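**Student:** Okay, here's the prediction I keep looking at, along with the sequence it came from:
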Amino acid sequence: MKGAGNTNVLLWSSGVAFVLLSAAVGTGWLYRLDVALMSAAQSYTSGLLDTVSELFSALGSWEITGALFLVLVAVLFLVGKRRLAGRLLVAFLATGLLEVLLKIMLPVPPIPEEAVRPDDFGPFTVFSFPYPYPSGHMLRSVILLGTIYLLGQNGFLRAGLAVALLGMMTSRVYLGVHWTSDVVGGALLGLAAVLWAFEEEGRKWRSP
């Protein structure tokens, strides 16, 4: 019961934080901080770091996360969690549409070409947008891995999922394909999507 209430608070908090961050990004208030954080992330580079970052980044490609997400939704549907499967699918599609709209409409300073590092494990299909905010890699990864986190009870599994998400966030900045604000924005939007999808489950937990 208490956990369900905390989930509801997190839902609204992540949603409000995403809106406020989007406004700050759109006005350019975070540009200098983003530049400083990217410079710090790329202050030391190596072939090993490149490879590790590319592998983490590849896990968030739309081909991989999209396929795994569909498998997850199908499994939930087959085991009887059809309502949850439907809400997750709606959340995934709705936030994906919002991501595209923001990348078209929200003015964010572009990342300098010299900051972009080679990525040999990038997605097979690349979609070009005028602006980078928010990170679709983080959005999709948080929805997918966040769902597994909430459904799973194994501590080692949850720790591994947290490490994977942290590696994803770091790799996108290190590779120079996203500002830090982009990945944080994608993570917040993904978190709000997952918590919304599980909101009905929280109501069941609160029921006597």
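**Tutor:** Cool, got the structure.

**Student:** and Ser57, backbone torsions?
**Tutor:** Note on Ser57: its backbone torsions stand at phi -60, psi -40 [degrees, to the nearest 10].

**Student:** Can you tell me the closest non-neighbouring residue to it?
**Tutor:** Ser171 (4.6 Å; Cβ to Cβ, 6 or more residues apart in numbering). The way it works is simple: take the backbone N, C-alpha and C, and place the C-beta from them, glycine included.

**Student:** Which helix or strand contains the one you found?
**Tutor:** Assigned by DSSP states H and E, Ser171 belongs to helix 155-174.

**Student:** coming back round to it: right, and the residue nearest to Ser57 touches Val52 too?
**Tutor:** Yes: assessed by Cβ atoms under 8 Å, Ser171 is found in contact with Val52 at 7.5 Å.

**Student:** what about those two, which has more around it?
**Tutor:** Remark: of Ser171 and Val52, Ser171 carries more neighbours, 26 against 15, as counted by other Cβ atoms under 10 Å.

**Student:** which ones are touching the more buried one?
**Tutor:** Listed by Cβ atoms under 8 Å, 6 or more residues apart in numbering, the contact partners of Ser171 are Val52, Ser53, Glu54, Phe56, Ser57.

**Student:** Over to Leu33?
**Tutor:** Contact analysis of Leu33 by Cβ under 8 Å, 6+ apart lists Thr180, Ser181.

**Student:** cool, and Tyr131?
**Tutor:** The neighbours of Tyr131, taking Cβ under 8 Å, 6+ apart as the test, are Leu102, Lys103, Ile104, Met105, Leu106, Pro107, Val108, Pro110.

**Student:** now, which of the residues you listed lie within helices?
**Tutor:** Among those, the members found in helices (DSSP state H) are Leu102, Lys103, Ile104, Met105.

**Student:** would JSON lines of these with neighbour count, pLDDT and distance to Arg140 be doable?
**Tutor:** Shown next, in JSON lines, are the ones in helices among the contacts of Tyr131 (neighbours: other Cβ atoms under 10 Å; pLDDT from 0 to 100; distance: Cβ to Cβ, whole Å):
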{"residue": "Leu102", "neighbour count": "20", "pLDDT": "97", "distance to Arg140": "15"}
{"residue": "Lys103", "neighbour count": "20", "pLDDT": "96", "distance to Arg140": "14"}
{"residue": "Ile104", "neighbour count": "10", "pLDDT": "96", "distance to Arg140": "18"}
{"residue": "Met105", "neighbour count": "11", "pLDDT": "95", "distance to Arg140": "20"}
